[in-house]
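Colleague: I would like the atomic coordinates for the input below:
(one chain, ligands or ions: 1)
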Amino acid sequence: MFSIDQLVRKNIASLIPYSSAREEYAGDDGIFLDANENPYNSSVNRYPDPLQVTVKNRISRLKNINPERIFLGNGSDEPIDLLIRAFCEPGGIDNILSIKPTYGMYKVCADINNVEFREVLLREGYQIDLKGIEQKTDAQSKLLFLCSPNNPTSNSMHKDDIIYLLETFHGLVVLDEAYIDFSVQPSLLHEVENYPNLVVLQTFSKAWGMAGIRLGIAFASREIVRVLNKIKYPYNINILTQKFILERLEKENEKKLWVEKILEEREKLRLKLKALDIVDNILPSDANFLMVKFDESRKVFNYLTGKKIIIRDRSHVQLCEGYLRITIGTEDENELLVEALREFVSGQKVLQ
Ligand SMILES: *Cc1c(COP(=O)(O)O)cnc(C)c1O
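Modeller: This is a model prediction of the structure:
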């Protein structure tokens, strides 16, 4: 039987967490002389709710999931780091598995925490190499990071493969769904009700357009959420973020329109790029960006940077050689990008 108590690091299991004033007295009515706050109202003079109850209840309604299964972090980066710190004994004892190429933060957080990080290259079609993962897994493998749709390859992983890993991997499977709103694949969020070893990460940074407020979500079992709550900074989500998100969640329609528009623009941009001589290939995208292979990607990248059009050079990433990553912008921004690339092409022709 899968048990979180056995998986978690011993020092974390026995840890006595910091108890904040706002946890010891959770009511919001009274004369508060317990937290050494400034009594004069500046709208932010009080510490925020450490467990973000109102925000979680709202997200619970939005996602149709029990609020006890929700952990909120300072971006998704916080739960990524906390999961490693909670479950992986550093210094060559435990290890983490991940697909490659993928989002860089998993490895950076593992490196910071001095936990061995084992990468398994994606196979054809940028899908998960199940055998490769099995071969690199041992008794000390505690976490497996998956990302779907994957950054930077922009495709979704096969659902059957993810389910297979949930059923066979003895540690936690962390499924990063940062781009799920742009995907034709449904979220596996509700599988946390079936798999006690699943953590699904989502974020308000992409489809919701709130990268600036730093709010990420981890959906998981109550036991996993309890562990994360135990080790997080007491007041990890500030009062401005908590207020702002409650206002924005009332505008779900706006987010839906943004996503529709971005998907429409993604297809338009794909067709325009495909028509250019210098474009070798465009990967099928289930996200809000396109991976585009150019004959001379570095030249294109530098040319665009010179025109103050900033994209991401992924040309040295293994399996993505020659690719540049282009985020879908507004209609005008995408048009300016295409015009700049057309200019680049005519410049090349003059040189020939
Ligand atoms: C952008 C991105 C995130 C978002 O991180 P935040 O810290 O929530 O802004 C998470 N995962 C992946 C794969 C991403 O590309």
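Colleague: Let me see the contact set for K100.
Modeller: Taking C-beta atoms under 8 Å, 6 or more residues apart in numbering as the contact definition, K100 lies against E119, V120, L121, L122, Q318, L319. Every residue, glycine included, has its C-beta placed from N, CA and C.
Colleague: Next, P39: secondary structure please.
Modeller: Per DSSP: H, G, I helix; E, B strand; the rest coil, the secondary structure class of P39 is coil.
Colleague: Same check on R325?
Modeller: For R325, the secondary-structure state derived from three-state DSSP is strand.
Colleague: Ok, Q348 next?
Modeller: helix.
Colleague: burial count for the nearest residue to it once chain neighbours are set aside?
Modeller: Of all residues not flanking Q348 in the chain, I278 sits nearest, at 7.2 Å (C-beta to C-beta, 6 or more residues apart in numbering). Using other C-beta atoms under 10 Å as the criterion, I278 is surrounded by 18 other residues.
Colleague: dump the residue contacts of I278.
Modeller: Listed by C-beta under 8 Å, 6+ apart, the contact set of I278 reads F294, D295, E296, V300, L341, F344, V345, Q348.
Colleague: quick check: angle from the longest helix that the chain contains to strand 323-327?
Modeller: Scanning the chain for the longest helix, with DSSP state H as the assignment, gives helix 252-274. Counting by axes from the mean of the first three to the mean of the last three C-alpha atoms, to 10 degrees, helix 252-274 lies at 150 degrees to strand 323-327.
Colleague: and the contacts of I278, which are buried?
Modeller: For these, a burial check counting by 16 or more other C-beta atoms under 10 Å picks out F294, V300, L341, F344, Q348.
Colleague: Now go through those residues and say which are in helices.
Modeller: Cross-referencing the buried ones among the contacts of I278 against helices under DSSP H gives V300, L341, F344, Q348.
Colleague: What separation is there between the residue of the stretch 51-200 of the chain found nearest the ligand and K243?
Modeller: Of all residues in the stretch 51-200 of the chain, G75 sits closest to the ligand, with a separation of 2.5 Å (C-beta to the nearest ligand atom). Noted for G75: a distance of 18 Å to K243, by C-beta to C-beta, to the nearest Å.
Colleague: same deal with F71?
Modeller: When distances are taken as C-beta to C-beta, F71 and K243 turn out to be 20 Å apart.
Colleague: So for these two, which residue has more residues nearby?
Modeller: Neighbour count, other C-beta under 10 Å: between F71 and K243, F71 has more, with 27 against 16.
Colleague: tell me the contacts of that one?
Modeller: The neighbours of F71, taking C-beta under 8 Å, 6+ apart as the test, are P79, I217, A218, F219, A220, I224, V225, L228, N229, K232.
Colleague: quick one: buried residues of the helix or strand containing it?
Modeller: Counting by DSSP states H and E, the element that carries F71 is strand 70-73. Taking 16+ other C-beta under 10 Å as the basis for neighbour counts, the residues of strand 70-73 that come out buried are I70, F71, L72, G73.
Colleague: So what sits opposite the last one in the bridge?
Modeller: This points to G73. Following DSSP bridges, G73 is listed with bridge partners G216.
Colleague: ok, and the closest non-adjacent residue to N66?
Modeller: Nearest in space to N66, with sequence neighbours left out and distances taken as C-beta to C-beta, 6+ apart, is S60 at 6.5 Å.
Colleague: what helix or strand does that neighbour sit in?
Modeller: helix 53-63.
Colleague: what is the mean pLDDT for that helix?
Modeller: Looking at helix 53-63 alone, the average pLDDT works out to 98.
Colleague: ditto for stretch 331-340
Modeller: Predicted confidence along stretch 331-340 averages 98 (mean pLDDT).
Colleague: ok, now stretch 122-136?
Modeller: The average pLDDT for stretch 122-136 rounds to 98.
Colleague: okay, now E134: neighbour count?
Modeller: Other residues near E134 come to 14 when the count uses other C-beta under 10 Å.
Colleague: Check L172 too.
Modeller: Other residues lying near L172 total 29 when counted by other C-beta under 10 Å.
Colleague: before we move on, the earlier item: need the per-residue pLDDT for the residue nearest to Q348.
Modeller: Reading off the per-residue confidence, I278 sits at a pLDDT of 97.
Colleague: From here on, call the first residue 31.
Modeller: Renumbered: residue one is now 31, and that last one reads I308.
Colleague: before we move on, which element is the closest residue in space to I158 that isn't next to it in sequence in?
Modeller: Distance criterion C-beta to C-beta, 6+ apart; nearest residue to I158, sequence neighbours excluded, is D191 at 4.6 Å. Assignment of secondary structure by DSSP H and E places D191 within helix 189-198.
Colleague: All good on my end, thank you.
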